[in-house]
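**Q** Kindly generate the corresponding structure for this input.
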Amino acid sequence: MFIKQLPASLPNFAYLTMNFGIAAILLTIVFWKKIREIKRSTILKSGLLGLILTANILFDKLGIDRLPSFMCSVFAASAILIVPMIMICLRKYPTRNNIVGAVIIMSGILLTNGFDVSNLFSVGAFFMLMSALLASIYTIVADKITKEEDPILLTMLQMWLSALVSFIIWFREDPMTFASIEYSNSMLSSIFICSFFGKAYAYVALMMAQKYSDPIHITIISSTEPVVTLVLAILIPSVFEEQFTWSAGLGAFIIMMGAIVSGTDFLTGKKKEILYETQ
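**A** Okay, here's the model as predicted:
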């Protein structure tokens with residue numbers, strides 16, 4: 001929502017530099033006492049997550065610039081199907097509830113979008129699909145790393161490393177824009193809000209959740225993004241191009257029902273299946 005308020009002339013890596021940079025500064029100020037606990041392994045693992053995250057956010061912004069908000073939500077939520085497929089390739093199998101819930105959620109997501117496939121084969125759709133794939137990989141990799149390292153330190157170092165990589169690429173590719181960007185109050189406030197809620201707060205919460213959960217359940221929660229987008233579109237209609245429709249409302253309800261199905265185990269019968277049971 002706030003990304004769409006940014007000027008089109010703002011270079012992508014300039015946005016990423018400021019976005020990650022502000023988040024890194026905020027996290028360092030709040031959790032500065034934890035800096036002494038940083039280990040070499042924390043830095044290396046944060047670097048891996050940071051690279052995946054930077055690429056993910058870049059593709060995400062490129063897609064958002066080209067597609068309506070609801071369509072972006074559809075592609076972002078497609079991770080509900082991508083994560084289980086990757087896990088199956090790794091010989092870790094979801095439960096029946098996870099599979100049925102994922103199908104229900106995806107049906108609701110498509111209904112929310114009105115089954116509009118006009119942008120399905122566009123450049124924007126490709127960028128959003130790449131973003132969803134990277135987000136899925138990030139979720140699976142983070143699942144292992146967060147159980148080995150401090151989630152807060154992982155988040156802080158990710159923000160710093162991602163900001164540094166983004167700044168280097170920005171300075172190498174388009175150094176003239178560094179001084180020519182018009183830093184308006186509107187642009188800075190949008191970036192700050194994205195940095196605080198979309199990076200600092202969101203990724204601390206995500207890393208903490210991943211430490212005590214698994215990729216499937218994390219993805220289930222993330223798949224409810226279209227529901228949040230729909231609610232915000234109703235509350236702040238001037239920010240969104242889309243209008244509320246009954247099909248979108250029904251789709252949001254189906255998504256929530258799918259999330260409930262995925263988060264329970266009533267389809268497993270008396271003998272419960274173990275999530276990600278290796279066969």
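
**Q** Tell me which residues touch the residue nearest in space to the middle of the chain, please.
**A** In the chain, the centroid-proximal residue (Cα atoms, centre = their mean) is residue 135; its distance is 6.0 Å. Residues in contact with residue 135 (Cβ atoms under 8 Å, 6 or more residues apart in numbering) are 56, 76, 79, 222. From N, CA and C alone the C-beta is placed, and that goes for glycine too.

**Q** Kindly report the same for residue 133.
**A** Taking Cβ under 8 Å, 6+ apart, we find residue 133 in contact with residue 82.

**Q** how close does it sit to residue 10?
**A** According to Cβ to Cβ, to the nearest Å, residue 133 stands 25 Å off from residue 10.

**Q** quick revisit: ChimeraX command to pick out the buried ones of the contacts of residue 135?
**A** A single ChimeraX command is used to select the members of the contacts of residue 135 judged buried by 16 or more other Cβ atoms under 10 Å:
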select :56,76,79,222
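
**Q** Dump the contacts of residue 135 into JSON lines; add distance to residue 253 and pLDDT as well.
**A** Shown next, in JSON lines, are those (distance: Cβ to Cβ, whole Å; pLDDT from 0 to 100):
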{"residue": "56", "distance to residue 253": "29", "pLDDT": "89"}
{"residue": "76", "distance to residue 253": "19", "pLDDT": "77"}
{"residue": "79", "distance to residue 253": "21", "pLDDT": "83"}
{"residue": "222", "distance to residue 253": "18", "pLDDT": "78"}
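
**Q** and residue 93, backbone torsions?
**A** In this entry, residue 93 is assigned phi and psi values of phi -110, psi 130 (degrees, to the nearest 10).

**Q** Do you know the pLDDT at it?
**A** Looking at residue 93, its pLDDT reads 81.

**Q** just checking, it touches residue 87?
**A** Yes - in this structure, residue 93 is within contact of residue 87 by Cβ atoms under 8 Å, at 7.2 Å.

**Q** the more surrounded of the two?
**A** residue 87 (22 against 17; other Cβ atoms under 10 Å).

**Q** what sits against that one?
**A** By Cβ under 8 Å, 6+ apart, the contact list for residue 87 reads 93-94, 140, 215-216, 276.

**Q** Drop anything exposed from those.
**A** By 16+ other Cβ under 10 Å, those give 93-94, 140, 215-216, 276 as buried.

**Q** Residue 254: helix or strand, and which one exactly?
**A** Element membership for residue 254, per DSSP states H and E: helix 246-262.

**Q** Compute the mean per-residue pLDDT across that helix, please.
**A** Mean predicted confidence for helix 246-262 is 83.

**Q** tell me what that helix is packed against?
**A** If contacts are counted by 3 or more Cβ pairs under 8 Å, 6 or more residues apart in numbering; DSSP states H and E, helix 246-262 sits against helix 96-112, helix 215-222, helix 225-235.
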